[in-house]
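[1] prediction below, plus the sequence it came from.
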There are 2 protein chains.
Amino acid sequence: MLTDRQLQVLKVIVDDFVETAQPVGSRNIAKKEEITFSPATIRNDMADLEELGYLSKTHSSSGRVPSEKGYRYYVDNIMSPLKLSSREVNQIQHSFSERMMELERVMQNSAHILSELTKYTTLVLGPQVYETKLKQLQIVPINQQSAIAILITDTGHVEHRSFAIPADLEQSDLEKTVNILNERLSGVPIIYLDHLIKSEVKYLLQKYTNDFEKSYQLLNQALFTEQPTNLYVSGKTNILSQPEFADVDKIRSLFNIMESEEKMAPILKSEDEGMHIYIGHENKIEAMNDCTLITATYSLGENQVGTIALLGPTRMDYAKAVSILDMWSGQMTNTLKKWFNEQ
Amino acid sequence: MLTDRQLQVLKVIVDDFVETAQPVGSRNIAKKEEITFSPATIRNDMADLEELGYLSKTHSSSGRVPSEKGYRYYVDNIMSPLKLSSREVNQIQHSFSERMMELERVMQNSAHILSELTKYTTLVLGPQVYETKLKQLQIVPINQQSAIAILITDTGHVEHRSFAIPADLEQSDLEKTVNILNERLSGVPIIYLDHLIKSEVKYLLQKYTNDFEKSYQLLNQALFTEQPTNLYVSGKTNILSQPEFADVDKIRSLFNIMESEEKMAPILKSEDEGMHIYIGHENKIEAMNDCTLITATYSLGENQVGTIALLGPTRMDYAKAVSILDMWSGQMTNTLKKWFNEQ
DNA sequence: AATTAGCACTCGAAGATATTGAGTGCTAAC
DNA sequence: GTTAGCACTCAATATCTTCGAGTGCTAATT
């Protein structure tokens, strides 16, 4: 168990190092207002803290630097929530302004604003579509060979895909197909679409259209070709300003991960709701071993959960990051509740 | 005027430097198969070429490096088109495969593949919409407060925007508005929409709907709020592998530009069609002063011109870059012609 | 007259050596 | 338990040396 003084020393070291990115020496600690004891005393405490694994040195005669364990302790036991400035609060609220009626825009905007406020990289993963329901399906022919399928969900999400119309498909069959689909599929959760089409709609099509095979094939092509983008990243370049990322190789491997939705999505998805902090090697991906990732979930409806995350160096302003994510979560939940109850 | 031998020396220096990124010395040049004279002779030529401004040294006893003027001369007078490997040809053709019916996808895909092939950054600027015509306008209500407007153009481009429905707008007015719009605006070039609405449609709305003011306001809100994204960038991280971008500050300023459509679009748009090569300080933006930008236009229809560009260090494999862009342009033009004639 | 061999010279890169100063750990005094 | 004092450590920085790839110039060769 740490003494009060040790705790205080650890806090000062983390705070100072987060700010300056330089190892913190005993003399500098002693200079702080809140510190009332001498450098020698502090040195003793630091030696203890180092033995316990909360601090480390960059070399034998350097000042101390928080270890990952030290950050962990700071996050779990020391840091206190920060009061955000009114400017920060305003900006966050602004990203939920009324004119933003689309989830996509809200996410994009939030990512942008949070990365501005924190100077870290913000990642927003859209909600999984477990419960999203199909509102309407439309097919708009463009020319003889191609048409566009437009899916609209009850959350206001619009998805469109163009596809080739089989050459020998009759116009009437196309129309019938669309009618059947709209009739049978409206209100159905997206996730069941595939199943429902395979079971029920298939027979309807077979019954009412002349060229079932073509219609069915077309349908599959139009609806199930590709996963839509669901990851919004903003402020990637902020990472470049951090002194720990002076190495171009590091930057490259990190950027490669962030640009790939497949790699990033599983990292962001967490089993349970709420906030999670992954410090350094707590991140399973090697390229992120000197980063901290803070994730927070937001939910719309019952089972739809999305994630927002901040990515920065382990030397992160944890209190600020957490407070800002917290603020955002609250606003987001409010907005979505209002939004959902209204419709 | 350069002698044949000087020309040959310049060519070897550019080719070698592009490959190795190291200053080229006379001994190394003499070792090349195609070179039949001694280092001393080459040194004399190099001294002349330097005096003429085509070469420079990194320090007084280093080998030579092409200057921007040297690259310019190489591009204008020396380099010969490269025959692409069948792998490269295949990959480019693949990005135009039949299933890609949407311009957006083609652009995204092309950007990706070209950056893979060249290891430079690829930027694709979508065509300006001067001539694109509105095919269909649909308005899909999501709930009491909001709806989504979907614009489909004759090029298969789909644009959607959600907007708030004024609280006191009657349902019937909304429907009437949409009907009027579809009737009057189909086939109209997007660029004239605004004008046509202000002149003609305005009166129709006034005549047939109860709450003209609301309908009109809604219309403006739905159609003219924001410019759609039109810039696709791929392979930004490729730049990180180039030795000339070891400096993080350089990277940052370059990334900042590439991430901003407002900054990038005017650079990419060129007055006239065809290929343009901007070497080093020929780029007006300071951050790009040690880059080369090669732009090529592609066109669909009569007046619609888009741009594709490769961005790399001035030490670029010009022959390859030009050949690949050339290949792509040809394919793109073909594809679009076929596409347009069919509809 | 053009080309080439020969040679002194230049200068960056890489390694070795000295200097400085911020910081530590330990011991003894308070 | 706390602190002053002091010897010690080591990264950062500067200075010097060595090495070699490269040059420019001059004189010899073709």
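    Arrived safely.

[2] in chain A, which spans are helices?
    Applying DSSP state H to chain A gives helices spanning A:4-20, A:26-31, A:39-51, A:68-73, A:86-94, A:103-118, A:171-185, A:190-196, A:202-208, A:212-223, A:248-259, A:261-268, A:318-342.

[3] what angle separates the first one from helix A:39-51?
    When you say that, I think you mean helix A:4-20. Angle of helix A:4-20 versus helix A:39-51, following axes from the mean of the first three to the mean of the last three C-alpha atoms, to 10 degrees, is 80 degrees.

[4] follow-up on the earlier one: turn the helices of chain A into TSV, including mean pLDDT, mean neighbour count and distance to residue B:102.
    (Each C-beta comes from the backbone N, C-alpha and C, glycine too.) Formatted as TSV, the helices of chain A follow (pLDDT from 0 to 100; neighbours: other C-beta atoms under 10 Å in any protein chain shown; distance: least, C-beta to C-beta, whole Å):
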stretch	mean pLDDT	mean neighbour count	distance to residue B:102
helix A:4-20	97	19	47
helix A:26-31	96	17	60
helix A:39-51	96	17	59
helix A:68-73	98	20	46
helix A:86-94	93	14	33
helix A:103-118	90	21	18
helix A:171-185	79	17	19
helix A:190-196	77	15	21
helix A:202-208	75	14	25
helix A:212-223	68	19	12
helix A:248-259	91	17	22
helix A:261-268	91	16	19
helix A:318-342	87	18	30
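
[5] and stretch A:270-284, C-alpha only, in CSV?
    This file holds the C-alpha atoms of stretch A:270-284, laid out as CSV (Å, rounded to 0.1, in the frame of the first residue of the first chain):
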residue,chain,number,x,y,z
SER,A,270,-15.7,-4.3,-26.5
GLU,A,271,-17.6,-6.9,-24.8
ASP,A,272,-19.3,-4.7,-22.3
GLU,A,273,-20.6,-1.2,-22.2
GLY,A,274,-18.9,1.8,-20.6
MET,A,275,-15.4,3.1,-20.7
HIS,A,276,-12.3,1.1,-21.2
ILE,A,277,-8.7,2.2,-21.0
TYR,A,278,-5.9,0.2,-22.6
ILE,A,279,-2.5,1.4,-21.7
GLY,A,280,0.6,0.4,-23.7
HIS,A,281,1.0,-3.3,-23.7
GLU,A,282,-2.6,-3.8,-22.6
ASN,A,283,-3.2,-3.2,-26.3
LYS,A,284,-2.9,-6.5,-28.1
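
[6] would you reformat the helices of chain A as a markdown table and include distance to DNA strand D?
    Listed next are those as a markdown table, based on distance: least, C-beta to the nearest atom of the strand, whole Å:
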| stretch | distance to DNA strand D |
| --- | --- |
| helix A:4-20 | 7 |
| helix A:26-31 | 9 |
| helix A:39-51 | 3 |
| helix A:68-73 | 20 |
| helix A:86-94 | 34 |
| helix A:103-118 | 27 |
| helix A:171-185 | 64 |
| helix A:190-196 | 54 |
| helix A:202-208 | 68 |
| helix A:212-223 | 58 |
| helix A:248-259 | 17 |
| helix A:261-268 | 32 |
| helix A:318-342 | 25 |
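
[7] out of those helices, flag the one nearest chain B.
    Judged by C-beta to the nearest C-beta, the one of the helices of chain A that comes nearest to chain B is helix A:248-259, at 4.5 Å.

[8] quick one: contacts of that closest one?
    Identification of contacts with helix A:248-259 by C-beta atoms under 8 Å, 6 or more residues apart in numbering or on different chains yields A:121, A:123, A:233, A:236, A:239-240, A:245, A:263-264, A:285-288, A:290-291, A:311, B:236-237, B:240-241, B:245-246, B:248, B:251.

[9] any buried residues in stretch A:268-279, and which?
    Neighbour-count burial for stretch A:268-279, with 16 or more other C-beta atoms under 10 Å in any protein chain shown as criterion, is recorded at A:268, A:270, A:275-279.

[10] farthest pair within these?
    A:268 and A:279 (16.1 Å; C-beta to C-beta).

[11] quick revisit: now a ChimeraX select for only the buried ones of the contacts of helix A:248-259.
    To isolate the buried subset of those in ChimeraX, counting by 16+ other C-beta under 10 Å, use the following:
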select /A:121,123,233,236,239,240,245,264,285,287,288,290,291,311 /B:236,237,240,245,248,251
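
[12] for DNA strand C, what's the nearest residue on the stretch 151-300 of chain A?
    For the stretch 151-300 of chain A, the residue closest to DNA strand C is residue A:243, as judged by C-beta to the nearest atom of the strand, at 16.2 Å.

[13] repeat that for chain A.
    residue A:25 (2.7 Å).

[14] got the contact list for the closest residue to that residue other than its chain neighbours?
    With C-beta to C-beta, 6 or more residues apart in numbering or on different chains as the criterion, residue A:25 has its nearest non-adjacent residue at 3.7 Å, and that residue is residue A:63. By C-beta under 8 Å, 6+ apart, the residues touching residue A:63 are A:22-26, A:28, A:57.

[15] mind doing that once more with 10 Å?
    By C-beta atoms under 10 Å, 6 or more residues apart in numbering or on different chains, the residues touching residue A:63 are A:13, A:16-17, A:22-29, A:46, A:55, A:57.

[16] now those as a markdown table including distance to residue B:37?
    Output for these, formatted as a markdown table (distance: C-beta to C-beta, whole Å):
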| residue | distance to residue B:37 |
| --- | --- |
| A:13 | 67 |
| A:16 | 65 |
| A:17 | 62 |
| A:22 | 57 |
| A:23 | 59 |
| A:24 | 64 |
| A:25 | 64 |
| A:26 | 69 |
| A:27 | 67 |
| A:28 | 66 |
| A:29 | 70 |
| A:46 | 69 |
| A:55 | 66 |
| A:57 | 60 |
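
[17] brilliant, that's me finished.
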